[in-house]
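Visitor: Need coordinates for the below:
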Amino acid sequence: MKIIQNLMTHPISKNEQITRIRPISPNNDGTVNQFDKILKDKMAFSEQVKFSKHAAMRLNSRQIELSDEQIKKLQIGIEKAEEKGIRDSLVLIDKIALVVNVRSRTVVTAIDSNGDKEAVFTNIDGAVIV
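Guide: Next up is the predicted model:
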């Protein structure tokens, strides 16, 4: 077996300063650059209302369908709850009660007025009627 000495043909030297040939500049031509688009998409996604698996099951089993208008009302209710510093809120929309984790904008459970006559909601610290 032959052992090769001095495997490093180019010794490590101090890096010279790296300069950009074309400096980064904001896109001023009115078009949205890639970063802005990704950031806006992520922000829009984080503001969307989500439904937990449990809430989706409850909505299906109770045959509750939320219209686009009701989803908008839910978003408004979540924003109002957020403004008031509510963490977990009951949001009442058109005889539908939704328990929402405000920070994650996630519906935890749902019940409509056609369901149980009596209902007790726990683990909430506020309610919003929209």
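Visitor: Count the neighbours of Asp125 for me.
Guide: 13 (other CB atoms under 10 Å). Glycine gets a C-beta too; all of them are placed from N, C-alpha and C.
Visitor: Next: Ala56.
Guide: Look at Ala56: counted by other CB under 10 Å, it has 13 neighbours.
Visitor: Correct me if wrong, but it is in a helix.
Guide: Yes - read with DSSP: H, G, I helix; E, B strand; the rest coil, Ala56 is one of the residues of a helix.
Visitor: what's near enough to touch it?
Guide: Ala56 makes contact with no residue, according to CB atoms under 8 Å, 6 or more residues apart in numbering.
Visitor: Quick check: pLDDT value at it.
Guide: If you check Ala56, the pLDDT there is 93.
Visitor: just Ile96 next, same as before
Guide: The model reports Ile96 with a pLDDT of 93.
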